[in-house]
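Colleague: Model the following, please.
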Amino acid sequence: MLFAFLMHSTRHLLIFTRFPVPGEAKTRLIPALGAEGAAELQRQMTEHTVAQARKTDAMIEIRYTGGSVAQMRDWLGDNLDYVDQGVGDLGDRMARAFEEHFEAGAERVIIVGCDCPSNPWKNIQTAFQALDPKRSESAFCTPKKKRPEGVWQHSGCVIGPATDGGYYLIGFCRAGSATPPPRTSKPFPVEMFENIEWGSENVLKQTLAAAPFAPLLLSELDDVDLPDDIPPRISVIIPTLNEAGHIFQCLEKVNEAFGVEVIIVDGGSTDGTKQIAQSFSQLINCERGRAAQQNMGAAAAAGEIFLFLHADTELPDNWDFVIRATLGFGRSPRLVVRLPPILNHDPANLRWNPHPFGSCLGRQKAAFL
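Modeller: Numbering: from 1, shown residues only. Here you go, the predicted structure:
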């Protein structure tokens with residue numbers, strides 16, 4: 001299976017995850033979400049990570065723990081490769097995964113976790129570019145220590161640091177990968193996975209201290225390990241009236257996001273808009289009128305953040321985390337965010353704030369109940 005995996009790509013993306021068994025998945029979130037809720041969040045984050053991975057040009061392998069191959073295939077599909085993570089601590093399991101792929105002839109291998117839903121596919125592509133052996137080493141990393149001859153002649157490692165002191169991504173380019181086999185160079189620094197306090201705030205610091213050079217560091221992102229880390233849910237409310245010409249493109253981009261519910265409030269379309277919307281989202285029928293439609297959508301929404309969106313809008317990549325970051329990650333009272341033009345609402349008691357997608361409109365939560 002691994003040989004076939006390697007025959008089709010020089011980029012190998014390994015996704016570390018756990019089968020979402022209640023009581024065993026995301027255990028630190030059980031006090032807040034319950035066993036079923038924590039397992040459901042694990043399921044959603046894994047599916048989101050796999051969806052992002054599929055946008056890259058890498059071959060994907062799922063390294064799982066818990067469950068069986070049959071259960072993993074039933075869950076994520078039979079067009080992926082599945083390998084049990086095996087025994088040992090996290091460092092042992094990651095080192096073994098890298099070793100197996102490099103021994104089989106891989107050139108660039110990246111491991112990502114599923115606890116970082118804000119890690120977009122373009123960030124993964126950037127990581128693979130950093131490991132390209134054809135690029136100059138000086139463009140990506142600065143040597144920290146004197147290295148043995150023939151080892152680490154290219155940008156050898158890339159890491160995505162997490163705000164909790166760990167990392168959400170780590171990858172290596174096989175040492176000496178520009179030379180033909182057989183290769184005798186050490187394929188990757190296994191010492192970066194030894195004597196690490198896994199699960200602590202010291203993981204990244206200890207990993208960097210063990211590295212034989214300074215790896216390229218990607219953007220720092222949030223892991224979801226504790227209740228306060230859970231991204232607030234976004235309710236996307238789209239008022240529609242005969243939008244069949246563009247609603248599909250709009251909904252496709254909206255549904256790429258993590259932790260989002262989509263509510264279409266239709267004012268009497270006759271062109272097929274409702275049929276398209278039903279396959280993507282909750283559909284509510286309403287009397288025609290933008291204000292009435294938006295109010296009805298707000299009344300039905302369950303999210304902590306509201307996004308009122310025109311049906312002819314195509315949002316940018318990672319739009320959900322841009323909005324969350326702009327709004328302080330949901331720590332404010334319930335907010336309404338929309339793209340221009342401005343809402344036709346009475347401006348009394350409203351607060352307008354600048355927002356990268358248009359205007360941000362804030363109200364107390366009770367105003368929507």
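Colleague: wait, isn't Trp121 in contact with Ile60?
Modeller: No. If you go by C-beta atoms under 8 Å, Trp121 and Ile60 don't touch, sitting 11.4 Å apart. C-beta here means a position set from N, CA and C on the backbone, and glycine is covered the same way.
Colleague: Show me the strands in the stretch 51-200 of the chain, by range?
Modeller: Counting by DSSP state E, counting those that start in this stretch, the stretch 51-200 of the chain has strands at residues 59-65, 81-84, 108-113, 157-161, 167-173.
Colleague: From Ser269, how far out is the residue lying closest to Gly67 once chain neighbours are set aside?
Modeller: Nearest residue to Gly67 in three dimensions, chain neighbours excluded: Phe19, at 2.8 Å (C-beta to C-beta, 6 or more residues apart in numbering). Using C-beta to C-beta, to the nearest Å, Phe19 is found at 41 Å from Ser269.
Colleague: circling back to that earlier point, give me the pLDDT value at the residue nearest to Gly67.
Modeller: Per-residue pLDDT puts Phe19 at 97.
Colleague: so who does it touch?
Modeller: By C-beta atoms under 8 Å, 6 or more residues apart in numbering, the residues touching Phe19 are 25, 64-67, 71-72, 75.
Colleague: Let me have those residues in CSV, extended by neighbour count and pLDDT.
Modeller: Converted to CSV, the contacts of Phe19 look like this (neighbours: other C-beta atoms under 10 Å; pLDDT from 0 to 100):
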residue, neighbour count, pLDDT
Ala25, 24, 95
Tyr64, 22, 98
Thr65, 15, 96
Gly66, 16, 94
Gly67, 18, 92
Gln71, 15, 97
Met72, 21, 97
Trp75, 18, 97
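Colleague: With respect to Asp132, which of those residues is nearest?
Modeller: Nearest to Asp132 out of the contacts of Phe19 is Tyr64 (C-beta to C-beta; 28.6 Å).
Colleague: ok, now which ones touch that closest one?
Modeller: Here Tyr64 is in contact with 16-19, 72, 82-85 (C-beta under 8 Å, 6+ apart).
Colleague: again with Thr240
Modeller: With C-beta under 8 Å, 6+ apart, Thr240 has these contacts: 247, 264-267, 269, 273-274, 277, 293, 311.
Colleague: wait, what's in contact with the closest residue to Thr207 other than its chain neighbours?
Modeller: Nearest in space to Thr207, with sequence neighbours left out and distances taken as C-beta to C-beta, 6+ apart, is Met192 at 5.3 Å. By C-beta under 8 Å, 6+ apart, the contact list for Met192 reads 157, 170, 207, 210-211.
Colleague: ok, and the most crowded of the residues you listed?
Modeller: Highest neighbour count within those: Cys157, with 26 neighbours (other C-beta atoms under 10 Å).
Colleague: OK, contacts around that one?
Modeller: Contacts of Cys157 by C-beta under 8 Å, 6+ apart are 131, 141, 170-173, 188-189, 192, 211, 213, 215-216.
Colleague: again, 10 Å this time
Modeller: 127, 130-131, 140-141, 170-173, 188-189, 192, 207-208, 211-217 (C-beta atoms under 10 Å, 6 or more residues apart in numbering).
Colleague: Show only the entries of those found in helices.
Modeller: 127, 130, 207-208 (DSSP state H).
Colleague: Output the strands of the stretch 51-200 of the chain in a markdown table; the columns should cover distance to Ser281.
Modeller: Shown next, in a markdown table, are those (distance: least, C-beta to C-beta, whole Å):
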| stretch | distance to Ser281 |
| --- | --- |
| strand 59-65 | 27 |
| strand 81-84 | 31 |
| strand 108-113 | 28 |
| strand 157-161 | 31 |
| strand 167-173 | 29 |
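Colleague: For Leu251, which of those strands is the nearest?
Modeller: Minimum separation from Leu251 across the strands of the stretch 51-200 of the chain (C-beta to C-beta) falls at strand 59-65, 25.1 Å.
Colleague: now the contacts of Phe19 in TSV, with distance to Arg108?
Modeller: Shown next, in TSV, are these (distance: C-beta to C-beta, whole Å):
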residue	distance to Arg108
Ala25	30
Tyr64	22
Thr65	24
Gly66	28
Gly67	28
Gln71	30
Met72	24
Trp75	27
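Colleague: which of the contacts of Tyr64 tops the neighbour count?
Modeller: With neighbours taken as other C-beta under 10 Å, the top of these is Thr17, carrying 27 neighbours.
Colleague: In this structure that residue contacts His48, no?
Modeller: No. Thr17 is not in contact with His48 according to C-beta atoms under 10 Å; the separation is 11.0 Å.
Colleague: hey, what's in contact with both of these two?
Modeller: Looking at what touches both Thr17 and His48 (by C-beta under 10 Å, 6+ apart), the common residues are Cys114.
Colleague: The biggest helix by length in the chain to strand 59-65, inter-axis angle?
Modeller: Ordering each helix of the chain by length in residues (DSSP H) puts helix 30-53 first. Interaxial angle, helix 30-53 versus strand 59-65 (axes from the mean of the first three to the mean of the last three C-alpha atoms, to 10 degrees): 160 degrees.
Colleague: So which bits of helix 30-53 are buried?
Modeller: 30, 35, 38-43, 45-50, 52-53 (16 or more other C-beta atoms under 10 Å).
Colleague: returning to what we had before: residues shared between the contacts of Trp121 and Ile60?
Modeller: Residues touching both Trp121 and Ile60 (C-beta under 10 Å, 6+ apart) are 13, 49, 53-54.
Colleague: With that, I have no additional questions.
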